[in-house]
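Enquirer: Below: sequence and its predicted model.
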Amino acid sequence: MPKHDTPLLDELEKGPWPSFVTDLKRQAEKKPECFDILGQVELSYKDKITHWKHGGIVGVFGYGGGIVGRYSDVPERFPGVAHFHTVRLNQPSSKFYSSAKLRDICNLWEKYGSGMTNMHGSTGDLVLLGTTTPNLEPLFYELTHDLNQDLGGSGSNLRTPECCLGRARCEWGCYDTQDLCHSLTMHYQDEIHRPAFPYKFKFKFSGCPNDCVAAIARSDFAVIGTWRDDIRIDQAAVKGYIKGEFAPNAGAHSGKDWGKFDIKAEVLDLCPTGCMWLEGDTLKIDNSECTRCMHCINVMPRALRPGKKQGATICVGAKAPILDGAQFATMTIPFLEINKDTEYAEVVEVIEKIWDWWMEVGKNRERVGETIMRMGLPTFLKVMEITPLPQHIKEPRSNPYVFWQDDEVEGGFERDVKEFRKRNAQ
Amino acid sequence: MALSKDELKAAILDKAMTAPKPQLYVKDFYACDPDAKPRDVKNAANDLVKEGKMDFWSSGSTTMYAAKGRAKDEEHR
């Protein structure tokens, strides 16, 4: 395959940053089809329109996800990318894999694909970019038989679940995110590999409210670690921070002259609910007002830690802005115990209640967050058998109507209209 | 009363072969048996794919079903 002139792409090699154009040129020495990627992308920059088209019946036998069909709409000019399918691999929890495993995957991809990868996709998958339809089955066979590696999710499937580093590296993990992520990945293999829903559905697991995988913004079902008792305080360490013995934020902002640590300006005054104060040099917290923002804990990690009664908050319905703009997940269950001994039965029960309802009433290509918006949060809470809490309410009611349920009104809503008309003038 | 699994599969396949559109959402098959649970309809449709009588058609973000041979790849459009 010949090289193509790429003056527009070449501009992206200038400057001090790494460039995907340089990577593609280097890869093209081994995989000539990469010249055609460069040529087609150059054409797209010139025409200001994509020349990829995606979709189709490509896949591997028995699977309804994990492969995204992609084709060039100018295959006669760029035959090397006439087929350029994407393969998604289910990443291990927290993306903990060995360099040997990565090397094996890359070697296999050199054999069956373009060698180009995307580490990692938004859902965390290892994304392999560019192969042909005839290569899919042999690639899949070797992936599963030799590398013990499965595909991830795509289409109207449960997408590859993703979690933060959790207790493996982080002292703030309020539950074992890796184990829950792995367990549910195994439990829901059918939903990951075969379409089940009106549209995509994503799980994400964060161990604490810092929410390092941005579960609240990116997942339909966000499990965010929290605690229900008091923040643990080491008053001696608080004094140490005030005296300047410890760097705030564990030194993350060191290197510039920020001046002496000021606990009032940097912690107390920034508490969103104003629930902290000093009595002398003793830190006090009104824990009933704490919203778990994590700011104080992040600034003074030696002095403050999450409480001991740990579990998770369940938030439902985040999505990216295809319809009606982006939306955050709605807090649905303030505290749920995450119990490995029951094989996470409590979490599974919540998930399946959501799915049963959404599969019934969700429209085609409607995310569960959109279904909740359309049907209303009161309906969703009723389905979930959750008693509304003040934290569910976004703002005070602004209309005078009271929405009673049929069974809450004496005699229900059934009325004999003729009887009614006899007693009431029209 | 809900159809048996085999009856449900036959109804789904019939709809997939005769519907004006070659590709259908799983929800389009719910009408094949209004008494069936959505999960049972999904499982029956997926069984038909395993049996080679239907194909998955995926845009990457959404997956649809088509009777074997009715759906086309983007390559052939």
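Expert: Sure, I can see it.
Enquirer: what distance separates stretch B:10-17 from the centre of its chain?
Expert: Using Cα atoms, centre = their mean, to the nearest Å, we find the averaged C-alpha position of stretch B:10-17 to lie 7 Å away from the chain's own average C-alpha position.
Enquirer: Ok, stretch B:29-39 next?
Expert: 12 Å.
Enquirer: same thing with stretch A:66-73?
Expert: Using Cα atoms, centre = their mean, the mean C-alpha position of stretch A:66-73 is found 24 Å from that of the whole chain.
Enquirer: what does that stretch contact?
Expert: Among residues not part of stretch A:66-73, those counted as contacts by Cβ atoms under 8 Å, 6 or more residues apart in numbering or on different chains are A:36, A:40, A:51-60, A:78, A:81-89, A:130, A:136, A:151-154, A:193, B:58, B:60, B:73-75. C-beta here means a position set from N, CA and C on the backbone, and glycine is covered the same way.
Enquirer: Please check those residues and keep the buried ones.
Expert: A:36, A:40, A:51, A:54-60, A:78, A:81-89, A:130, A:136, A:151-154, A:193, B:58, B:60, B:73-75 (16 or more other Cβ atoms under 10 Å in any protein chain shown).
Enquirer: ok, now which ones touch the nearest residue to residue A:385 once chain neighbours are set aside?
Expert: In space, and not counting its chain neighbours, residue A:385 is closest to residue A:353: 7.6 Å by Cβ to Cβ, 6 or more residues apart in numbering or on different chains. For residue A:353, the residues meeting the contact criterion (Cβ under 8 Å, 6+ apart) are A:383-385.
Enquirer: Residues of chain B that sit close to chain A?
Expert: Chain B comes close to chain A at residues B:25-28, B:37-39, B:42, B:46, B:49-50, B:55-63, B:66, B:71-75, B:77, as judged by Cβ under 8 Å from any Cβ of the partner chain.
Enquirer: I'd like to know which residues of the stretch 151-300 of chain A are adjacent to chain B.
Expert: Applying Cβ under 8 Å from any Cβ, one finds that the stretch 151-300 of chain A approaches chain B through A:154-157, A:194-200.
Enquirer: In a markdown table: these, plus secondary structure and distance to residue A:401.
Expert: Formatted as a markdown table, those follow (DSSP: H, G, I helix; E, B strand; the rest coil; distance: Cβ to Cβ, whole Å):
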| residue | secondary structure | distance to residue A:401 |
| --- | --- | --- |
| A:154 | coil | 44 |
| A:155 | coil | 41 |
| A:156 | coil | 37 |
| A:157 | coil | 40 |
| A:194 | coil | 44 |
| A:195 | coil | 40 |
| A:196 | coil | 37 |
| A:197 | coil | 34 |
| A:198 | coil | 30 |
| A:199 | coil | 32 |
| A:200 | coil | 35 |
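Enquirer: shaky segments in chain B?
Expert: Screening chain B residue by residue with the criterion pLDDT under 70, one finds the ranges B:1, B:73-77.
Enquirer: hang on, the earlier thing: most neighbours among the residues of the stretch 151-300 of chain A next to chain B, which one is it?
Expert: With neighbours defined as other Cβ atoms under 10 Å in any protein chain shown, the most crowded of those is residue A:154; it has 31 neighbours.
Enquirer: thought residue B:36 was touching residue B:7?
Expert: No - at 9.9 Å, residue B:36 and residue B:7 do not qualify as touching, with contact defined as Cβ atoms under 8 Å.
Enquirer: Looking at the two, which is more packed in?
Expert: residue B:36 (20 against 14).
Enquirer: So that one: helix, strand or coil?
Expert: Using DSSP: H, G, I helix; E, B strand; the rest coil, the secondary structure recorded for residue B:36 is coil.
Enquirer: Distance of the residue lying closest to it once chain neighbours are set aside relative to chain A?
Expert: Using Cβ to Cβ, 6+ apart and skipping the chain neighbours, the partner closest in space to residue B:36 is residue B:2 (4.8 Å). From residue B:2 over to chain A the distance is 15 Å, taken as Cβ to the nearest Cβ, to the nearest Å.
Enquirer: What residues does residue B:2 make contact with?
Expert: With Cβ under 8 Å, 6+ apart, residue B:2 has these contacts: B:8, B:33, B:35-36, B:40.
Enquirer: buried stuff in the lengthiest helix in chain A?
Expert: Among all segments of chain A classified by DSSP state H, the helix with the greatest residue count is helix A:345-361. Within helix A:345-361, the residues that qualify as buried are A:346-347, A:350-351, A:354-355, A:357-359, counting by 16+ other Cβ under 10 Å.
Enquirer: hang on, residue A:246 in a strand?
Expert: No - read with three-state DSSP, residue A:246 is coil and lies in no strand.
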